[in-house]
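Undergrad: any chance you can model this:
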Amino acid sequence: MIKIIYQDQDILALSKPAGIETCDIANDLKKQKIANQIFPAHRLDKNTSGILLLAKNEKVLKALQAQFKTRKIIKKYQALVIGNTPEKGIIEGYLARDPQRKKPFIFSNIPVGQNRGKWRWSKSEYKKIRSYNFQKNPLSLLEVKIATGRTHQIRIHLSNIGFPILGDPVYNTKLSKKISRQIGLHRQFLHSVYLGFTHLAIEQTISIKDPLSDDLRKILHYLASLKF
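TA: Alright, predicted model coming up:
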């Protein structure tokens with residue numbers, strides 16, 4: 001059963017579990033008879049959990065997508081990474097499909113060189129929430145606010161500055177994979193915790209929050225129980 005966080009006659013916000021494709025959500029909601037028509041206004045990676053915003057008609061869908069496109073929607077995530085990050089930071093650069101096909105996407109500070117498709121500008125801001133330590137390896141829990149919503153953006157950005165997200169099957173290191181296995185993390189530690197947007201029908205700002213999913217909270221509880 002999919003958890004609904006917010007609902008009115010135009011909009012639906014739910015807590016997407018990890019392991020489900022965004023495109024499959026609409027079918028699941030129809031089976032639950034929650035809505036006859038439902039349109040995802042954006043996407044989350046299959047193994048990213050958290051807030052997913054959907055429209056109940058095409059007019060509202062276009063209005064929400066326009067806000068995403070013009071970067072008027074506020075999106076915040078929490079991520080657990082390997083390494084002792086600075087207290088806060090900004091990551092800016094360009095993303096494009098990897099021409100060598102080693103990974104889905106690559107990062108560059110300057111949009112030059114061979115690539116598959118266009119380079120797209122991206123920006124993420126992060127701040128540290130808490131520090132942990134596992135077998136003398138520092139870990140950092142971050143809140144990440146994204147100005148753009150490129151595919152794999154947060155995962156690539158953090159990996160590129162040397163702090164890969166634990167559990168990430170693609171943008172990782174040998175150490176991050178090892179620690180992920182040791183702490184029992186079976187998917188990327190990335191969760192959409194906050195989404196703020198303007199509801200044009202009622203001309204109000206809507207703020208939606210979704211706390212970390214149970215599997216991710218259990219990881220943090222375990223890490224918090226360890227002695228530095």
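Undergrad: neighbours of residue 63, how many?
TA: 19 (other C-beta atoms under 10 Å). Just so you know, the C-beta spots here come from the backbone N, C-alpha and C atoms, and that holds for glycine as well.
Undergrad: flag the shaky bits of this structure, pLDDT-wise.
TA: 33, 100-101, 113-116, 228 (pLDDT under 70).
Undergrad: all strands of it, in order?
TA: Ranges of strands in the chain, per DSSP state E, are 3-7, 11-16, 39-40, 49-55, 74-82, 88-97, 105-108, 116-134, 137-146, 190-199, 204-209.
Undergrad: will you turn the ones you listed into TSV that also has distance to residue 220 and mean neighbour count?
TA: TSV is the format used below for the strands of the chain (distance: least, C-beta to C-beta, whole Å; neighbours: other C-beta atoms under 10 Å):
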stretch	distance to residue 220	mean neighbour count
strand 3-7	20	14
strand 11-16	17	22
strand 39-40	28	18
strand 49-55	14	25
strand 74-82	7	23
strand 88-97	20	17
strand 105-108	28	19
strand 116-134	8	16
strand 137-146	7	20
strand 190-199	11	20
strand 204-209	17	13
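Undergrad: export those strands to TSV and tack on distance to residue 169?
TA: Shown next, in TSV, are these (distance: least, C-beta to C-beta, whole Å):
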stretch	distance to residue 169
strand 3-7	25
strand 11-16	18
strand 39-40	23
strand 49-55	15
strand 74-82	15
strand 88-97	18
strand 105-108	14
strand 116-134	19
strand 137-146	18
strand 190-199	12
strand 204-209	27
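Undergrad: of all those, which lies closest to residue 161?
TA: Nearest of the strands of the chain to residue 161, taken as C-beta to C-beta: strand 88-97 at 6.1 Å.
Undergrad: contact partners of that closest one?
TA: 104-111, 115-128, 150-153, 156-158, 160-161 (C-beta atoms under 8 Å, 6 or more residues apart in numbering).
Undergrad: equivalent analysis for stretch 161-176, please.
TA: By C-beta under 8 Å, 6+ apart, stretch 161-176 touches 47, 79-83, 85, 89, 91, 103-104, 137, 139-140, 152, 154-156, 158-159, 179-180, 183, 185-190.
Undergrad: one more: stretch 125-145?
TA: By C-beta under 8 Å, 6+ apart, stretch 125-145 touches 74-91, 124, 146-147, 154, 158, 163, 166, 175, 179, 182-183, 193, 220, 223-224, 226, 228.
Undergrad: re the thing from before, between the strands of the chain, which gets nearest to residue 63?
TA: Of these, the one closest to residue 63 (C-beta to C-beta) turns out to be strand 49-55, at 7.9 Å.
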